[in-house]
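Peer 1: After the sequence you'll find the predicted model.
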Amino acid sequence: MLNISPNKLSKQFSTRNIPILNKVEAKVSGKVFLRLISWFFFIMLVCMFLPWTQNIRGKGYVNTLSPDKRPQTVNSIIGGRIEKWYVQEGELVLPGDTILFISEVKDNYFNPELLDRTSDQLTAKKMSVESYIEKLNAIENQLTALDETRSLKIEQARNKLKQSKLKVQSDSIDYQAAIINFSIATDQLNRMEELYKNDLKSLTDLETRRMKLQEAQAKNISAENKLLTSENEVINAQVELISLKAQFDNSIAKVQSEKFSTLSAKLDTENEVNKLRNDLANYTIRSGLYYITSPIKGFITKAIQSGIGETIKEGEEILTIMPYEYDYAVEMFVRPIDLPLIKLDQKVRIQFDGWPAIVFSGWPNTSYGTYGGRVFAIDNMISGNGNYRILVAQDPKEEEWPDALRVGAGSNSILLLHDVPIWYELWRQFNGFPPDYYDGDKYLYPEDNTEKK
C-alpha cells in the first residue's frame, strides 16, 4: 500500500492479523537496497584505483616470419598445354621434383629437330666466319705484296728519272762542244777563203774546209737533237713515276675496299653467329621448361590449373606450395594514431581463431588461452586498409604457439603498453585521447624496470 490518503485504514481495523501488511509497513527492503547501492559505489570507487594495462588491439592473421617460407605459387615460364600431372594436392614434394609436363603451343617451336637444325645453321655460319678470316689474311698478303712492289717500282722509276737527268747533262755538254766545233769550223773556213783569195791555199784545201764545216754543223744539229730527246726522256720518266704512284694507289685502294667489305661481311656473319647461339641457348633452355619442377620442399596445397589438355599462358599460376618448415608470425594492423607508440620487441598477447580464450585486455596476466609474442617488424608504409601492418614473432620466453596452427588463420592481438589506474583509462577513453607516450628513460615492461633497479 502506498499510504498516501489522509483516511488511514489502520484506524478503522487492526492489521496485526495480516502479516503481509506488517511486512510492508516495516519498509526493510528499502534499507537493504540502499546498502547494496552504497556497497556497489564503494567497490566501484576502489576498482577505479586498480592498475590497468594500456593496450592497442588489432586484428590480423597468421603468416610466416621469413618471406621465403610463406605460401607461394608455381608459375609457368612459357605457355603450353598440360599433358600429364605427377603430383596430387596435399602431397609432399622435394626441390626438383617434377610437378607436371606441358607441351608446346607456339608454331615456332613445333619442329622436333629444331635444336639440330639451329646447331647446323650455327656450324655453317661459323665456317663462313672462318672463310672470311682466310680471305682477310689473303687480302692482307696482297696488300703487303702491292706495297712492296710499289716501293720497288717507284725506286726503279726514280732511278730511271735520275739516269734521264744525267743523260740530259751529258747531251748538253756534247751539244755545247758541237756548237764550239761548229764555230771553230766556221772561223777556219773564213780564214781558208782569205788564204785561197791570196793564192796561199789551194781549192782542194778550201773544199776540204767546207766539208769539215758541214760535218761540224751536222754534229751540232745531232747533239741538239739528242739533248731534246734526253729532256723528253726526263719528262717521260717524271710522268711514268707519277702514273706509277697513281696506279699502285688505285690498286691498293681497291684491295683495301675489298678488305673492308670482307671485314663488314665477317662482322655481319659473326653477329648472325651470336644470334644463332642465343637462339640455340634459348631453345635448349625452353626444351627444359616443359617439365615444371618444385622450387622448394613443401606440400601441394591447391592446384589452380587442372585437367589434361588445358592451355596455360606465360607466367600463369599453376598451383600453390606451402613450405615444409617455417616459423609462425602474426600480421596485425593498427591505426595510424597508435603507430608512434609501437616499438620493436614490444610485448603482444594473441588470441588465435579456433582456440578458446578468456581475454581481459587490461589484465594480461589473468587472461586464459592467449599466447605471447613480440613485435618483430613495423611497416613504414600504410596498407590498403588504411592501417599499418605490424609483424609479431613468437616470444621465446612464453608458451610455444600451437602446433596445429595454420597459415592464414585469424587472430586478435593485444599490444601491451604500460600500467595506469582504471579511472585514468576511463577518462582517456571518454575524451578519445591516445595512450600515453613513453619517456626515453622508462622501460617498456615491469621486468625491465626490475632489472634496471
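Peer 2: Done, it's in. Numbers count the residues shown, from 1 in each chain.

Peer 1: Which elements pack onto the longest strand along the chain?
Peer 2: Taking DSSP state E as the criterion, the chain has its longest strand at strand 51-64. Contacts defined by 3 or more CB pairs under 8 Å, 6 or more residues apart in numbering; DSSP states H and E place strand 51-64 against strand 328-334, strand 388-394, strand 410-421, helix 422-431. Where you see a C-beta, it was placed from the backbone N, CA and C, and this is true even at glycine.

Peer 1: Give me the average confidence score over that strand.
Peer 2: Mean pLDDT, computed over strand 51-64, is 82.

Peer 1: Check which helices and strands the next helix or strand after that strand sits against.
Peer 2: As assigned by DSSP states H and E, the chain's next helix or strand after strand 51-64 is strand 72-75. Counting contacts by 3+ CB pairs under 8 Å, 6+ apart, strand 72-75 is packed against strand 317-323.

Peer 1: can you pull the buried residues of the strand it packs on?
Peer 2: 318, 319, 320, 321, 322, 323 (16 or more other CB atoms under 10 Å).

Peer 1: next one: stretch 268-285
Peer 2: 269, 272, 273, 276, 280, 283.

Peer 1: Out of the helices and strands packed on strand 51-64, which is the most enclosed?
Peer 2: strand 328-334 (a mean of 23; mean count of other CB atoms under 10 Å).

Peer 1: Disregarding residues adjacent in the polypeptide, which is nearest to residue 212?
Peer 2: residue 185 (5.3 Å; CB to CB, 6 or more residues apart in numbering).

Peer 1: Check which helix or strand the one you found maps to.
Peer 2: In this structure, residue 185 is located in helix 114-197 according to DSSP H and E.

Peer 1: need the next SSE after that helix, C-terminal direction.
Peer 2: Following helix 114-197 toward the C-terminus (DSSP H and E): helix 203-288.

Peer 1: Am I right that residue 377 falls within a strand?
Peer 2: Yes: counting by DSSP: H, G, I helix; E, B strand; the rest coil, residue 377 is part of a strand.

Peer 1: how near is the nearest residue to residue 201 once chain neighbours are set aside to residue 205?
Peer 2: Nearest residue to residue 201, sequence neighbours excluded (CB to CB, 6+ apart): residue 195, at 4.1 Å. As judged by CB to CB, to the nearest Å, residue 195 and residue 205 stand 8 Å apart.

Peer 1: where does the stretch 251-400 of the chain dip in pLDDT?
Peer 2: 357-368 (pLDDT under 70).

Peer 1: residues contacting the residue nearest to residue 212?
Peer 2: By CB atoms under 8 Å, 6 or more residues apart in numbering, residue 185 lies in contact with 209, 212, 213, 215, 216, 217.

Peer 1: mind checking how far the third one is from residue 336?
Peer 2: Looking back up the chat, that one is residue 213. Counting by CB to CB - residue 213 and residue 336 are separated by 135 Å.

Peer 1: quick one: which of these two has more around it?
Peer 2: It is residue 213, of residue 213 and residue 336, that has more neighbours when counted by other CB atoms under 10 Å, with 20 against 10.

Peer 1: isn't that one right next to residue 189, touching?
Peer 2: Yes: at 4.8 Å, residue 213 counts as touching residue 189 under the criterion of CB atoms under 8 Å.

Peer 1: State the pLDDT value of the residue nearest to residue 212.
Peer 2: pLDDT, residue 185: 79.

Peer 1: So for stretch 201-217, mean pLDDT?
Peer 2: 78.

Peer 1: Can you point out the buried residues in it?
Peer 2: 201, 206, 209, 212, 213, 216.

Peer 1: swap in stretch 249-256?
Peer 2: Buried residues in stretch 249-256 (16+ other CB under 10 Å): residue 255.

Peer 1: Convert the C-alpha atoms of it to CSV, please.
Peer 2: Output of stretch 249-256 as CSV, limited to C-alpha atoms (Å, rounded to 0.1, in the frame of the first residue of the first chain):
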residue,chain,number,x,y,z
ASP,A,249,97.5,3.8,-105.0
ASN,A,250,94.4,2.8,-107.1
SER,A,251,95.2,-0.9,-106.8
ILE,A,252,95.8,-0.6,-103.0
ALA,A,253,92.6,1.4,-102.6
LYS,A,254,90.6,-1.3,-104.4
VAL,A,255,92.2,-4.1,-102.3
GLN,A,256,91.6,-2.1,-99.1
